[in-house]
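# after the sequence you'll find the predicted model.
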Amino acid sequence: MEIPPKSPDGSQKSPQSKELLTSNTASTLCISSRSESVWTSTSRSKWDIYHKPVIVMSVGAAVFLFGMVITSLTCIQSNNKKIYKMCGPAFLSLGLMLLVCGLVWIPIIRKKQKQRQKSKCLQTLRSFFFNR
């Protein structure tokens, strides 16, 4: 009976366990890939496609409104004016930035969806003509 070689950490691994380890890693890499598979043709709902930009825009609008309220408190309240003058514009700019990022994100997603549709059509045409 052959003794399996020891690894640098002192544990013993058999050749079979090495094969299992590499195959497991390869399948994990394939599963954890962020890109969608070309072979899946499941249609996604509008919410699945646009939920991230909608959430970013909603948070941005809420932060922007909060900044407006804090900025308007500078005119109303007399105490802690310095705090309101510093925090108000910061929330305004942060909210506006998130709102604009969400608004720009939507056309980018639409463009990617159109490109995917075109690539799927081209793949079906290629498979039709070249698989005859």
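Okay, I see it. Computed from a prediction, not measured in an experiment: that's the story for all the values here. Numbering: from 1, shown residues only.
# and Lys52, how many neighbours?
Counted with other Cβ atoms under 10 Å, residues neighbouring Lys52 total 12. Every C-beta, even on glycine, is put in place using the N, C-alpha and C of the backbone.
# with adjacent residues omitted, what lies nearest to it?
Trp105 (7.3 Å; Cβ to Cβ, 6 or more residues apart in numbering).
# that neighbour: which element?
helix 81-130 (DSSP states H and E).
# so how far is Asn131 from the residue nearest to Lys52?
Here the criterion is Cβ to Cβ, to the nearest Å. By it, Trp105 lies 38 Å from Asn131.
# between those two, which is the more surrounded one?
Remark: of Trp105 and Asn131, Trp105 carries more neighbours, 16 against 6, as counted by other Cβ under 10 Å.
# can you check the pLDDT for the more buried one?
Model confidence at Trp105, given as pLDDT, is 95.
# isn't the residue nearest to Lys52 up against Val54?
No: applying Cβ atoms under 8 Å as the test, Trp105 and Val54 come out as separate, 9.3 Å apart.
# what is the helix holding Trp105 packed up against?
helix 46-76 (3 or more Cβ pairs under 8 Å, 6 or more residues apart in numbering; DSSP states H and E).
# now the helix it packs on: buried residues?
49-50, 53, 56-57, 60, 63-64, 66-67, 70-71, 73-74 (16 or more other Cβ atoms under 10 Å).
# any idea of the angle that helix forms with helix 81-130?
For helix 46-76 against helix 81-130, the angle by axes from the mean of the first three to the mean of the last three Cα atoms, to 10 degrees is 160 degrees.
# okay, now the unreliable bits of this protein?
1-42, 132 (pLDDT under 70).
# rerun that using 50 as the cut-off
17, 20, 27-30, 32-33, 37-39 (pLDDT under 50).
# so who does Gly95 touch?
Gly60, Ala61, Ala62, Val63, Phe64, Leu65, Phe66, Gly67 (Cβ atoms under 8 Å, 6 or more residues apart in numbering).
# any chance of these in a markdown table, plus distance to Gly95?
Formatted as a markdown table, the contacts of Gly95 follow (distance: Cβ to Cβ, whole Å):
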| residue | distance to Gly95 |
| --- | --- |
| Gly60 | 5 |
| Ala61 | 7 |
| Ala62 | 7 |
| Val63 | 3 |
| Phe64 | 3 |
| Leu65 | 7 |
| Phe66 | 7 |
| Gly67 | 5 |
